[in-house]
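In: I'd like to go over a predicted model; first the sequence, then the structure.
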Amino acid sequence: MLTEFSQGPVLWQTVAALVIFAAAYLAILIEKWDRTYTALVGAVLMIALGIVPIQKALSGYANWPLVLYIASLFILSALIGQTGVLAYAASGMLRKFRLRPIAVLISVSLLAALVAACFDSLIAVALFVPFLLKTSKMMKITPVPFIISVLISVHIGGAATIMGNLPNRLIAGGGRMTPGQLVLQLAPLVLLLLAVLYLIMWGLYRNKLIVAETYKRELLRLTPSSYLNADRNFVVIGTTVIALTLIALMLHRLLGMQPAYVAAIGAVLALAANYKAVVQTAVKKDYRALWHTFRDMQVLYFLGLFIMAGGLTYSGIAGFFAYRGLEMSQGSVSFLSTLLLWLTGFGSAMMDEVPYITAMMPIVDSIREALEASVQPIWLALIIGSAIGGSATLISSVTNMVAASLSEQEGGGLTQRGYVAVALPVCLILIGVATLYFRLFLV
């Protein structure tokens, strides 16, 4: 029964949780209504119907430090765009690669994967998505292929280390695996998956991402410095503050500070550097514009999604499907690993990867106690499955949601349908490659 895994709701509430989440997911997918309001309505229904208690929703599933972190990254990203430094760097890179978009796509994606592995996938997105939006705008081509490639890259690259993706920290941070074991076991697979990804992207887009000759001449006539903001003090101070903030985020463990607070302090200082624009906005008293700016940060959207995903976990749905899938294995670690690779890929694609992994961890812990064999391949399957599945849709992970919101702010044209049409088939190929690798080398 579903209620075996529930933390409170009765059966009708559990079914209602599934219906609400599915309806909200479909509404976000077809993009007929504003996704912020869709997510908020879904979250309010979850609370109003008693599916998840309001205290649990607001204190447990609404991850406030993460929301603060995301909002701060949005502010930093917007301000670095206003300095013109991104456009300056993009212009220089385009000249270096002689305006070859496919070379830019692969090189930046690989760099993003490396940053995600060494530091954090959200930092990688905050660094590279605004840069790619600016680059594609200069070339007068769609940024969608660039963003798809970067998002899949940061998820896969982040799977190789304990620092990269949040599921890695949840699993390895609980003493289930050492950072060294994680790198040793998964680095070869991660490199293989990245190679397959870039081969696919090259095949799909090498003849589609073409810069018109008129735009080439126009771009080459402009010097990189012409893109910088006229207020040079803001450029220097703002860029310095943001650069120091990013460095502090990478070193936050050594500093003993949560990333959310580091990012928030950096955002406040960066806003202070741009005080002229802030004062102008305050004088105008344009509250409608302020509301639209706040809504574009997608804070309410994230809160709604977190609460809905938490409702699925609280009602027992995630645990039910996971446990029933595990029952099919009859204790075989090899079969379990393959099954969980696909189950986790599918589950992470349908809901935020973090609640799914959180629901799976106690189940795998129970299996570890019941089996005499090592269950390390199962943990590896969870990590790779969540990385690939978390790349499949724009609501599979916080990283993707942030990228989608950044794109929306810049009018990047990234839609859920457009993203899924490319990313989902690519992810199916990648999970097939991962399955073969697991069968040959890890189980």
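Out: Yep, that arrived.
In: where's the most centrally placed residue in the chain, which helix or strand?
Out: Nearest residue to the geometric centre of the chain (C-alpha atoms, centre = their mean): Thr399, 1.5 Å. When secondary structure is defined by DSSP states H and E, Thr399 falls within helix 398-409.
In: tell me which helix or strand comes right after that helix.
Out: Defined by DSSP H and E, the subsequent element after helix 398-409 is helix 416-437.
In: hang on, the earlier thing: make sure the residue nearest to the centre of the chain is actually in contact with Ile123.
Out: No: assessed by C-beta atoms under 8 Å, Thr399 is found out of contact with Ile123, at 9.9 Å. Using the backbone N, CA and C atoms, a C-beta is placed for each residue, glycine as well.
In: list the contacts for the residue nearest to the centre of the chain?
Out: Shown in contact with Thr399 (C-beta atoms under 8 Å, 6 or more residues apart in numbering): Ser121, Leu122, Val125, Leu151, Val154, His155, Gly390.
In: where is pLDDT lowest across those residues?
Out: The member of the contacts of Thr399 with the lowest pLDDT is Leu122, at 81.
In: nearest residue to that one in space, please, no chain neighbours.
Out: Thr399 (5.7 Å; C-beta to C-beta, 6 or more residues apart in numbering).
In: measure the one you found to Ile317 for me?
Out: When distance is defined by C-beta to C-beta, to the nearest Å, Thr399 is 23 Å away from Ile317.
In: pop out the phi and psi values for Leu127.
Out: Taking degrees, to the nearest 10, you get phi -80, psi -50 for the backbone angles of Leu127.
In: how near is it to Leu251?
Out: From Leu127 across to Leu251, the span is 15 Å (C-beta to C-beta).
In: now Lys285
Out: According to C-beta to C-beta, Lys285 and Leu251 sit 40 Å apart.
In: more neighbours, these two?
Out: Each of Lys285 and Leu251 has its neighbours counted (other C-beta atoms under 10 Å); Leu251 has more, 12 against 8.
In: dump the residue contacts of the more buried one.
Out: When the contact criterion is C-beta under 8 Å, 6+ apart, Leu251 has no partners at all.
In: next secondary structure after the lowest-mean-pLDDT helix or strand in the chain?
Out: The weakest-scoring helix or strand in the chain, judged by mean pLDDT, DSSP states H and E, is helix 317-327 (a mean of 64). Using DSSP H and E, the helix or strand that follows helix 317-327 in sequence is helix 333-350.
In: can you give me the buried ones in that next one?
Out: Buried positions in helix 333-350, judged by neighbour count with 16 or more other C-beta atoms under 10 Å: 333, 336-350.
In: give me the neighbour count for Arg169.
Out: For Arg169, the neighbour count with other C-beta under 10 Å is 15.
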